[in-house]
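All I have is the shape, not the residue letters:
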């Protein structure tokens, strides 16, 4: 999610919007970009209720990567004489690519990973690992935003967008290979997906004063209750 460039493009959105061919005032550009992001966020609310998590991530990543590839080609055509030079005079192509990218980002790839923080971690370590995940993601966010101007200077605008497009394609592969589907499944069912990765005796290096009940303890309590009623 972070290396797809969403937050870097969001931070430098006005400059990218102008480079892409927008001739609107920079303040008006910021308002338009905020409205575009709001539209994508509003579309996510009904979609997440009817579509599977994996489908949303894969579809969002594919649309984002395609938009970035087209945007990179448009930027490349502006600085290099090539077979794509005909695209340099079509200002609407890079603008449309930016709009499509920013609408597609909150539809899956840049929204659902935050839901997985609550769904994937075991109950007894959810608070600790969730905090660590957010901390690491903020460090990665800083790196992505900080390196964006340096990447622009070294490989050009088009190279940066193609690099981010590659990260989106990797997100598709990773989702296909490793991410389980969690829609309409309880937390106990989701934790069961990872049972084969666990050792028989689970131990935590951190001891919390009020540990959360684990799924295994809940199951044990249910079995004991059933035996008592019988």
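Thanks, I have it. Since the model is a prediction, treat every value here as computed from it, not as a measurement.

hey, where'd the helices end up in the protein?
In the chain, the segments counted as helices under DSSP state H are 6-11, 13-19, 26-50, 53-79, 92-104, 112-120, 126-178, 187-192, 215-229.

Distance from the longest one to the middle of the chain?
When distances are taken as Cα atoms, centre = their mean, to the nearest Å, helix 126-178 is centred 9 Å away from the chain's centroid.

Give me the angle between that helix and helix 112-120.
For helix 126-178 against helix 112-120, the angle by axes from the mean of the first three to the mean of the last three Cα atoms, to 10 degrees is 110 degrees.

Compute the mean per-residue pLDDT across helix 126-178, please.
In this model, helix 126-178 has a mean pLDDT of 90.

Please name every helix or strand in contact with it.
Contacts defined by 3 or more Cβ pairs under 8 Å, 6 or more residues apart in numbering; DSSP states H and E place helix 126-178 against helix 6-11, helix 53-79, helix 112-120. Where you see a C-beta, it was placed from the backbone N, CA and C, and this is true even at glycine.

re earlier: want to throw the helices of the chain into JSON lines with mean neighbour count?
Below are these laid out as JSON lines (neighbours: other Cβ atoms under 10 Å):
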{"stretch": "helix 6-11", "mean neighbour count": "21"}
{"stretch": "helix 13-19", "mean neighbour count": "19"}
{"stretch": "helix 26-50", "mean neighbour count": "14"}
{"stretch": "helix 53-79", "mean neighbour count": "22"}
{"stretch": "helix 92-104", "mean neighbour count": "21"}
{"stretch": "helix 112-120", "mean neighbour count": "16"}
{"stretch": "helix 126-178", "mean neighbour count": "16"}
{"stretch": "helix 187-192", "mean neighbour count": "16"}
{"stretch": "helix 215-229", "mean neighbour count": "11"}
